[in-house]
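Enquirer: Structure here, sequence nowhere to be found:
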């Protein structure tokens, strides 16, 4: 099979407790409800691509535990190819323990587990998955040295690299020239360029700085305000789709999935950004992460209603 996206990154299980308020140190509270849900930026993005009907391969690690089996099953149910996910029997799967209070405040403890063990052997498995791929999608929930090695492998293979710089951290200069498209939000862009980014003007300036650092194209996501994109030739603005947001937890992951799916389908960058914005908007109208990703029919009917394609 040719023309597919490969996602290399994190695979987590989210453990969500809902409670009247957050507990004080040493306090035991009775909560409202508990639920588990598959997550991790990498896995969320792989599911977003697959649900749009575009072939999607996930490369990463889960632990040899019940969570790991559940995570693999949920990816497979979304039609994500999982044969390049390594089951690491020596460690737990990645976990995010999340407490959400009635006022919306939350506390999150992330245990990277298997995600933190991703190493050069995973990059070797990635290289076999890249033959025939169009796009490699990366995030920063696995060790940074491995993200760099993966970007280098894709560059060598002539495959476009999209980097979602989240959770944001300072990036080494050598990573930027390996990236074809970087997709920070305002907060992440601000951290990468060293000045506050709010609104179109600052986002355009930030995008230019990212181009100077060596990326091919810089996309700055402004949430409900739209998207700024700077290429070597032009800077342009794409408005956001107007929706009633219920839960924006995975809107950024959905954007990256929609962007990657469009590029695999051969669409130009301007149109791919519209796909990203539409996928992100639709994901925000439903609760949850992977469960909120739109399927191909929902997506295309939304574009048709919006007067875009």
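Expert: Thanks, I have it. Remember, predicted model here, so these are calculated numbers, not experimental data.
Enquirer: biggest helix in the protein, by residue count?
Expert: Of all segments of type helix in the chain, defined using DSSP state H, the longest is helix 269-284.
Enquirer: Now do that helix, average pLDDT.
Expert: For helix 269-284, mean pLDDT rounds to 96.
Enquirer: May I see the buried residues of that helix?
Expert: For helix 269-284, the neighbour count (16 or more other CB atoms under 10 Å) marks 269, 271-284 as buried. For the C-beta atoms, the positions are set from N, CA and C on the backbone; glycine is no exception.
Enquirer: Pick the one among these closest to residue 246.
Expert: residue 284 (6.8 Å; CB to CB).
Enquirer: Give me the sheet partners of the helix or strand bottoming out on mean pLDDT in the chain and which way each runs.
Expert: Every helix and strand of the chain was ranked by mean pLDDT, DSSP states H and E. The lowest is strand 106-111, at a mean of 88. Sheet partners assigned to strand 106-111 using DSSP bridges are listed as strand 94-101 (antiparallel).
Enquirer: same question for the partner strand, mean pLDDT?
Expert: pLDDT averaged over strand 94-101 gives 91.
Enquirer: buried sites along it?
Expert: Here strand 94-101 shows 94, 95, 96, 98, 99, 100, 101 as buried, counting by 16+ other CB under 10 Å.
Enquirer: can you check stretch 74-83 too?
Expert: Buried residues in stretch 74-83 (16+ other CB under 10 Å): 74, 75, 78, 80, 81, 82.
Enquirer: quick one: which of those sit in helices?
Expert: Assigned to helices by DSSP H, the following of the buried residues of stretch 74-83 qualify: 74, 75.
Enquirer: quick one: which of the buried residues of stretch 74-83 is nearest to residue 301?
Expert: Residue 301 lies nearest to residue 78 out of the buried residues of stretch 74-83, by CB to CB, at 19.7 Å.
Enquirer: That closest one reaches residue 51, doesn't it?
Expert: Yes: assessed by CB atoms under 8 Å, residue 78 is found in contact with residue 51 at 6.0 Å.
Enquirer: Kindly point out which residues are neighbours of both of the two.
Expert: residue 293 (CB atoms under 8 Å, 6 or more residues apart in numbering).
Enquirer: Hmm, residue 185 is touching residue 223, no?
Expert: Yes: assessed by CB under 8 Å, residue 185 is found in contact with residue 223 at 6.9 Å.
Enquirer: Contacts only, for residue 174.
Expert: For residue 174, the contacting residues are residue 148, by CB under 8 Å, 6+ apart.
Enquirer: actually residue 21, not the one I wrote
Expert: By CB under 8 Å, 6+ apart, the neighbours of residue 21 are 29, 101, 102, 103, 105.
Enquirer: If we use 7 Å, what do you get?
Expert: 101, 102 (CB atoms under 7 Å, 6 or more residues apart in numbering).
Enquirer: sec struct for it, please.
Expert: The local conformation at residue 21, judged by DSSP: H, G, I helix; E, B strand; the rest coil, is coil.
Enquirer: helices or strands up against the helix or strand harbouring residue 148?
Expert: Using DSSP states H and E, residue 148 sits in helix 144-157. Secondary-structure packing of helix 144-157 (3 or more CB pairs under 7 Å, 6 or more residues apart in numbering; DSSP states H and E): helix 120-130, strand 135-138, strand 160-163.
Enquirer: tell me what the first one is packed against?
Expert: Based on contacts counted as 3+ CB pairs under 7 Å, 6+ apart, the elements that helix 120-130 packs against are strand 5-8, strand 56-63, helix 144-157.
Enquirer: I'd like these as CSV, with distance to residue 255 appended.
Expert: Converted to CSV, the helices and strands packed on helix 120-130 look like this (distance: least, CB to CB, whole Å):
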stretch, distance to residue 255
strand 5-8, 14
strand 56-63, 15
helix 144-157, 19
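Enquirer: helix/strand/coil for residue 15?
Expert: Of the three states, residue 15 takes strand according to three-state DSSP.
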